[in-house]
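> Need coordinates for the below:
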Amino acid sequence: MAFWTVAISCISAAEGHFMDFHIVYVAALLVSISWTMQVLRYFVYVAVARLAHAALAHGVRMPGGAVEAFCGTMSGPAFGDICMGAVLVPVIAAVRSFARAINALSGGNDEFLFSCCQGCCLSVSEKLMGRVNRWGFVHVGARGKAFCVASRDVWSLFVLRGMAKLVDSDLTGSFCFLSAVTGGTLASLVAGSWALAMDRDRKELALPISFYSFLIGYYMVFYLIPLRLFLFFLCLSALVTT
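This next block holds a predicted model:
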């Protein structure tokens, strides 16, 4: 976040011919920070799943413990799957959210356009979810599978056990999103107020500072809460197993 903030500040302060495209640079940095946070999140998922699988499934401890699990994930082929999944999973989630929005808007509407759009979106989202989903990262870490193969196998298990609808109705994503928006709003409020208080003559800086602070607060909260929930349920399952 510190490096990203410095980059944003340099782009805002720089002048010259290349700064005519500063909006493009800012957009590239926004995409970069989003992808980086996704990679960090799923990297921890895969490393912890690898460590937990050795302890819970085989009853053995890795010689290097958490250090070996994290270093092995970083230097192994799983890191490429994590980077690829960090690109695909948000796109699939966006498609699925759009399908749900269309479904909610259509309601009982029987118009041909709504019916076709709803059916197409739901069909595409179902197909994509069966091949690319965030639950596949568990098998990437535990069994060393490729990401797409792991996603397909995990979703097949959900369907086979009758858990697909239960998993699809998970409310933790909504909870994390609302918490992240709250954290980002608080960060934006504090940073914007601080900017106005420090330099009243340049009030135009308060808006970009508030916007970038919102993004930093949003990403920090959004990706820390799922990590804590993941570790909490992992510890809970370990206690139940033992």
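> Can you get me a residue count around residue 134?
The number of residues packed around residue 134, counting by other CB atoms under 10 Å, is 21. Glycine gets a C-beta too; all of them are placed from N, C-alpha and C.
> got the contact list for the residue most central in space within the chain?
Note on the chain: the residue nearest the mean C-alpha position is residue 38, at 4.6 Å, using CA atoms, centre = their mean. Taking CB atoms under 8 Å, 6 or more residues apart in numbering as the criterion, residue 38 is in contact with 86, 87, 89, 90, 223.
> hmm, which of those are the buried ones?
86, 89, 223 (16 or more other CB atoms under 10 Å).
> With distance to residue 214 added, can I get those residues in JSON lines?
JSON lines is the format used below for the buried ones among the contacts of residue 38 (distance: CB to CB, whole Å):
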{"residue": "86", "distance to residue 214": "22"}
{"residue": "89", "distance to residue 214": "23"}
{"residue": "223", "distance to residue 214": "15"}
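> can you list the domains in the protein?
1-169, 171-241 (the TED database).
> In CSV: the ones you listed, plus mean pLDDT.
Shown next, in CSV, are these (pLDDT from 0 to 100):
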stretch, mean pLDDT
domain 1-169, 78
domain 171-241, 76
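> tell me which element residue 180 is part of?
Under DSSP states H and E, the secondary-structure element containing residue 180 is helix 172-198.
> do the same with residue 41
Under the criterion DSSP H and E, the helix or strand holding residue 41 is helix 22-56.
> how close does residue 205 get to residue 192?
In this structure, residue 205 lies at 10 Å from residue 192, with CB to CB, to the nearest Å as the measure.
> Same check on residue 9?
With distances taken as CB to CB, residue 9 is found 16 Å from residue 192.
> Those two - which one has more neighbours?
Comparing residue 9 with residue 192 by other CB under 10 Å, the one with more neighbours is residue 192, at 19 against 13.
> if we can go back for a sec, buried ones in the helix holding residue 41, by neighbour count?
Neighbour counts over helix 22-56 (16+ other CB under 10 Å) mark 25-26, 29, 33, 37-39, 41-54 as buried.
> Just the CA coordinates for the helix or strand hosting residue 165, please, in PDB.
Counting by DSSP H and E, the element that carries residue 165 is helix 164-168. Only the C-alpha atoms of helix 164-168 are listed here, as PDB (Å, rounded to 0.1, in the frame of the first residue of the first chain):
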ATOM      1  CA  ALA A 164     -24.200 -26.400  -4.300                       C
ATOM      2  CA  LYS A 165     -27.200 -24.300  -3.300                       C
ATOM      3  CA  LEU A 166     -25.900 -24.000   0.200                       C
ATOM      4  CA  VAL A 167     -22.500 -22.800  -0.900                       C
ATOM      5  CA  ASP A 168     -24.000 -20.500  -3.400                       C
END
